[in-house]
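# Dropping a prediction and its sequence here:
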Amino acid sequence: MKTIAMIPARYAATRFPAKLMQPLGDKTVIRHTYDNTRATGLFDEVMVVTDSEIIYREITEHGGKAKMSVRSHESGSDRIAEAVADMDVDIVVNVQGDEPFVQKEPLELLLNVFREEAGKQVQVGSLVQVLKDPRLIADPNYVKVALDKNNNALFFSRSVIPYPRDTGATAVYYEHIGVYAFRKAALLQFTNFPVSPLEAMEKIECLRYLENGIPMRMVVTSYMGVEIDTPEDLERAARLL
């Protein structure tokens, strides 16, 4: 099973422009993400796919692999689908460029859901972690996901889900971590679907799968890294580093 990791990297982020080129310790955010993904040793190839010559040079001038996008894209999945369309590969892992604390164990768990007989039915997988801080649960920058008993995603939202209408009930809140794994055919199929209504409203690309009836298998991990969406996230990442 040939497996590659693709890191979509857009320069002009809406909430935090040029966030991937921000310094974090002795490297930029995007180089931390690339180097840590390679260091897992899980992939036949690791590549950054970008619309930015600045990011392209940042990776290639430090010995990494990068590819320029030919077209503009609404989502990271669309961007990497273009890049892998002619590649001989079975599983494509999408590691978001703003995930500088990528670790081996969560990625290995994610890849394992595609293995053995049961894994043949899985087309798309992703990661979640438990959120306990009420401030982060309420923060729309943290995408929450509700799961069924088989750990398939029921819904993703920037709102608080589940909503604690019964204050006496115990709720578990899961944060969606921006790492996906696809069978190549499922990824290419994704690009043929138009942007879906819920996806457009929430600005969460994986809702496009659910709206088109494609289940997403979620893997619970204790990752607890920091996704860089705001300057405050960068400060948290620097403290964690």
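Now that the structure is in, tell me what you want to look at. None of these values were measured; they are calculated from a predicted model.
# Would you state the strands of this protein in chain order?
For the chain, applying DSSP state E gives strands covering 3-9, 23-24, 27-28, 45-50, 66-68, 91-95, 124-131, 144-147, 153-157, 173-183, 217-220.
# Minimum distance to Glu227: which of those has it?
strand 173-183 (6.0 Å; CB to CB). To be clear about C-beta, it is placed using only N, CA and C from the backbone, and glycine gets the same treatment.
# still on that earlier bit, a markdown table please, covering the strands of the chain and showing distance to Val113 and mean neighbour count.
Compiled in a markdown table, the strands of the chain are given as follows (distance: least, CB to CB, whole Å; neighbours: other CB atoms under 10 Å):
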| stretch | distance to Val113 | mean neighbour count |
| --- | --- | --- |
| strand 3-9 | 13 | 25 |
| strand 23-24 | 30 | 16 |
| strand 27-28 | 31 | 20 |
| strand 45-50 | 20 | 23 |
| strand 66-68 | 27 | 17 |
| strand 91-95 | 10 | 24 |
| strand 124-131 | 5 | 21 |
| strand 144-147 | 14 | 20 |
| strand 153-157 | 13 | 19 |
| strand 173-183 | 8 | 23 |
| strand 217-220 | 5 | 21 |
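# Tell me which of those strands sits nearest to Leu109.
Closest of the strands of the chain to Leu109 is strand 217-220, at 5.0 Å (criterion: CB to CB).
# Mind listing residues that contact the closest one?
106, 109-110, 113, 122, 124-130, 145, 147, 150-153, 174, 176 (CB atoms under 8 Å, 6 or more residues apart in numbering).
# which residues does the nearest residue to Glu175 once chain neighbours are set aside contact?
For Glu175, ignoring the flanking residues on the chain, the nearest one in space by CB to CB, 6 or more residues apart in numbering is Leu131 at 4.6 Å. Neighbour list for Leu131: 137, 142, 144, 173-175 [criterion: CB under 8 Å, 6+ apart].
# Fine, thanks again, bye for now.
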